[in-house]
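Novice: got a predicted structure plus its sequence, pasted below:
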Amino acid sequence: MWFRPPYGKGPDVESGANRPLYPVMLESPQIRWAFIRKVYSILTVQMLLSVAVASVVVFVRPVSHFFVHHSAGLGLYILIIFLPFLVLCPLYYYHQHYPVNLLLLGIFTVSISFAVGLTCAFTRGKVILESVILTALVVVSLTLYTFWAARRGYDFNFLGPFLFSALMILMVFVLVQLLFPLGRISLTIYGGLAALIFCGYIIYDTDNLIKRYSYDEYVWAAVTLYLDIINLFLSILTLFRASET
């Protein structure tokens, strides 16, 4: 599971290009809609790349077997797990510097996708499919709701401190689970709590996308939403896997 980075500094997009996204909007609607389209275009490429990389790991069996049956595979697996965290720091620093930002974003996406593929490689196909479908439905529903709510003047910036606190509690729960495994019940609790937290983050980050990110922060906006979706998928996957054990 990859926790989201800290916040840094739906509807028919084409037909709504001349209407404000929210009541107190100060900038040109065309500029903001263009920014949103750019972010979601990058996010779409990230998700397609993730599906492609994870599919290779899942369906090309020698890849997953290498990490299980070879000693060198364990070291490489640990590297892949920590690589996203190592790339995240320079990505945050260079997220406004083209083309370095896109290069780092590609490395970041591939490394996470590879690790997600390894997680799915030893999971039943039915569970993976159910998790993908449910994640897609939740993401689309929450995105449309946030755009609808923003148009009517609702603001979700207040969620930031609560979500961050909940994320810290979840991290402590994971640490306790690693030291003192509690079995199936703890996995079910973890999956349910994590899913709720990252549902909240999808709303929070979509609201930031609509109102707060500047136009040159498109890479970082895509990173936050991408991590929200990946973490939501892994949380639902954990929940379904725990229900089958």
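Specialist: Perfect, thanks for sending it. For clarity, every value in this text was computed on a predicted model and none was experimentally measured.
Novice: just checking, what packs against the helix or strand of the chain with the lowest mean pLDDT?
Specialist: Least confident helix or strand, the chain: helix 61-69 with a mean of 75, by mean pLDDT, DSSP states H and E. Judged by 3 or more Cβ pairs under 8 Å, 6 or more residues apart in numbering; DSSP states H and E, helix 61-69 is in contact with helix 29-59, helix 71-93, helix 100-121. C-betas here are computed from N, CA, C, even on glycine.
Novice: angle of that helix against helix 100-121?
Specialist: Angle, helix 61-69 to helix 100-121, by axes from the mean of the first three to the mean of the last three Cα atoms, to 10 degrees: 80 degrees.
Novice: just how off-centre is helix 61-69 within its chain?
Specialist: Taking Cα atoms, centre = their mean, to the nearest Å, the mean C-alpha location of helix 61-69 is offset from the chain mean by 26 Å.
Novice: and the contacts of it?
Specialist: Contacts to helix 61-69, defined as Cβ atoms under 8 Å, 6 or more residues apart in numbering, come from residues 56, 57, 58, 73, 74, 76, 77, 117, 118, 121, 122.
Novice: how about 10 Å then?
Specialist: Residues outside helix 61-69 that contact it (Cβ atoms under 10 Å, 6 or more residues apart in numbering) are 56-58, 72-77, 80, 114, 117-118, 120-122.
Novice: same check, this time on stretch 142-151
Specialist: Stretch 142-151 is contacted from outside by 10-11, 13, 16, 19-23, 25, 36, 40, 154-156, 198-211, 225, 228, 232, using Cβ under 10 Å, 6+ apart.
Novice: still on that earlier bit, residue 166: which of the helices and strands packed on helix 61-69 is closest?
Specialist: For the helices and strands packed on helix 61-69, distance to residue 166 was read as Cβ to Cβ. The smallest value, 20.4 Å, belongs to helix 71-93.
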